[in-house]
Structures are given as C-alpha cells and as structure tokens.
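*Asks:* Below: sequence and its predicted model.
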Amino acid sequence: MDMNFKTPQSNTFLYKVSDTSTAKPIGIFTAQTPSVNPYKALFNPKGYNFFNMPMSEFKNILNVIIQLEGDISISKWGEGARPDEFSYQLNRISNAIATTQFNGRIDISGYFLKRVEEAKDMIGEDCISFIQVHNNISQLYNTVLQLTSEEGFRAIQNKALAHLKNQQAFA
C-alpha cells in the first residue's frame with residue numbers, strides 16, 4: 001500500500017478547523033506488531049491527538065516516518081535511492097521545526113496554518129519572494145494536514161506494517 005502524498009503547486013491551501021475540546025485521538029493501534037520494530041512511535045494504543053501535542057512528540061513521530069520512508073526507498077532501490085516528493089516534504093517539515101522549542105502542547109496543523117498566515121503578511125515590494133515563501137509554507141501546511149489526518153496517519157501505519165512484514169519475509 002503506497003500512499004502518495006502530493007502537495008498542490010498552487011498557492012491555495014486547505015483550512016482545517018480544530019476544536020481541541022472535542023478532538024479525538026487518531027491512529028489508535030491495537031494489533032500486534034513484529035518484535036523487532038524501529039517504528040514503534042507510529043503504533044500507540046492510545047492514539048495521537050495532533051490538536052494538543054507537544055512539538056517534541058510530533059518531531060519524534062516525524063523522524064520515525066522519515067526513517068520509514070528512507071528504509072522503504074533503500075529496500076526498493078538500494079543505498080543510492082533519491083528521495084521521492086513525500087520524503088522531500090517530510091524533510092522540509094523537519095527542517096522547518098528543527099529549532100522550535102515549545103513548553104506545552106499545541107495544535108500541530110494550527111502551528112503551520114499560522115506560518116501560512118504570517119507569510120501573507122509579507123506582501124510588499126518584493127512580490128516574487130512573497131509568492132515563493134507563501135507557496136513553500138503552504139506546501140508544508142498541506143503535507144502536515146495529510147500527516148495528521150486519520151486517513152493519512154492510517155496509511156503511514158499500514159505502510160510501516162507492510163514494510164515490517166516484507167522485511168521479515170526476507171529475513
């Protein structure tokens with residue numbers, strides 16, 4: 001099951017209303033996973049509440065997804081494999097939040113939406129720079145929305161399970 005997350009090239013973006021008081025955890029996982037599992041962070045029986053999550057926990061989940069994507073790419077194409085568009089976007093998100101420090105919990109997609117709105121405030125004399133910054137952060141926001149949706153996160157969990165089973169078959 002290969003979920004292809006492509007971000008639109010236009011400067012439009014999706015808006016997701018978040019209500020942290022009624023948000024339910026997503027990605028609740030109760031099935032068995034293989035004993036050797038480098039992707040344990042993706043399989044939480046309590047699920048994940050991306051509307052109320054420490055940034056450090058999101059960074060950890062993101063790093064595991066990046067590792068998974070890299071492992072899948074290497075198993076398919078070998079050590080010299082080039083990252084696909086989804087892996088590229090994941091690394092851009094990771095770089096964008098690498099130095100962010102939060103004490104407490106935030107709405108992950110809301111954080112990126114705020115960055116999109118801040119980019120809108122950059123309109124000024126340099127229109128080309130504004131368009132580039134706005135498009136870049138909008139692409140990150142759309143990828144985050146896909147990652148933090150029930151469907152998107154389930155697809156990543158299924159991808160991890162399929163990869164683990166495939167690796168066990170060849171072990």
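*Replies:* Sure thing, it's come through.

*Asks:* Do you have the strands of this protein handy? List them.
*Replies:* In the chain, the segments counted as strands under DSSP state E are 53-54, 105-106.

*Asks:* Now Ala23. Nearest residue, chain neighbours left out?
*Replies:* Phe51 (4.0 Å; CB to CB, 6 or more residues apart in numbering). Just so you know, the C-beta spots here come from the backbone N, C-alpha and C atoms, and that holds for glycine as well.

*Asks:* swap in Thr30?
*Replies:* The shortest distance from Thr30 to any non-neighbouring residue, by CB to CB, 6+ apart, is to Pro45 (5.6 Å).

*Asks:* hang on, isn't that neighbour packed against Phe29?
*Replies:* Yes. Between Pro45 and Phe29 there is a contact at 6.1 Å, judged by CB atoms under 8 Å.

*Asks:* so where's this structure uncertain?
*Replies:* In the predicted model, the chain carries pLDDT under 70 at residues 1-22, 124-126, 169-171.

*Asks:* tell me, which helix in it spans the most residues?
*Replies:* The single longest helix within the chain, with elements called by DSSP state H, is helix 55-77.

*Asks:* re earlier: what's the distance between the residue nearest to Ala23 and Thr33?
*Replies:* As judged by CB to CB, to the nearest Å, Phe51 and Thr33 stand 25 Å apart.

*Asks:* Neighbour count: Pro45 and Phe29, which is higher?
*Replies:* Counting neighbours by other CB atoms under 10 Å for Pro45 and for Phe29 shows that Phe29 has the greater number, 18 against 9.

*Asks:* Who are the contact partners of the nearest residue to the more buried one once chain neighbours are set aside?
*Replies:* Nearest residue to Phe29, sequence neighbours excluded (CB to CB, 6+ apart): Phe43, at 4.3 Å. Applying CB atoms under 8 Å, 6 or more residues apart in numbering to Phe43 gives the contacts 29, 33, 37, 157, 160.
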